[in-house]
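1. Pasting a predicted model and its sequence here:
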Amino acid sequence: MIAAYPISPQTHILEELSHLVKSGALKPCEYVNVESECAAMSLCIGASAAGARTYTATASQGLLYMVEAFYNASGLGLPIVMTVANRAIGVSINIWNDHSDSMSQRDSGWIQLYARANQEAADLHPQAFRLAERWR
């Protein structure tokens, strides 16, 4: 299950996943557009608790907006995978990349994996699901 809410710079990730789901390449995956980042994490919590493999993506203020549910997910030990397309926190139109968003959640109970290149980021996702399911 993919819970999708667009925020730059991760929107293209969710757009591409929507094409893969629609084409059947990720069958039987369900793609759900939600109304906020908090709703995305809440949907992931419910779906994961019911046994589904879950994924979402966010960045910057979007990550901060889902913090309440974010801690619930880690406290419950749910194996949710989330891409954080690192973007600076601060001025609302700031699109510079840095790690202030993910570092703000450093001690939240989530495993964080970092990549240097696009291919490495793509390769980390299958590993992230295996790690999440193993270490819950």
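-> Nice, I can see it.
2. Going by C-alpha atoms from here, please, whenever you check contacts or count neighbours.
-> OK.
3. P6 reaches S18, doesn't it?
-> No: applying Cα atoms under 8 Å, one finds P6 not in contact with S18, separated by 11.8 Å.
4. list the contacts for I45?
-> By Cα atoms under 8 Å, 6 or more residues apart in numbering, I45 lies in contact with A73, L78, I80.
5. What score does it have for pLDDT?
-> On the pLDDT scale, I45 is placed at 96.
6. Using the three-state scheme, assign it.
-> What DSSP: H, G, I helix; E, B strand; the rest coil gives for I45 is helix.
7. Spatially central residue for this protein, please.
-> M82 (2.2 Å; Cα atoms, centre = their mean).
8. and it, what are its bridge partners?
-> Counting by DSSP bridges, M82 is bridged to T56.
9. how about the strands in the protein?
-> For the chain, applying DSSP state E gives strands covering 2-4, 31-33, 54-58, 80-84.
10. Quick one: residues contacting S74.
-> Contact analysis of S74 by Cα under 8 Å, 6+ apart lists S108, G109, W110.
11. Can you tell me the closest non-neighbouring residue to the last one?
-> To tie it back to what came earlier, the one meant is W110. Distance criterion Cα to Cα, 6 or more residues apart in numbering; nearest residue to W110, sequence neighbours excluded, is S74 at 6.1 Å.
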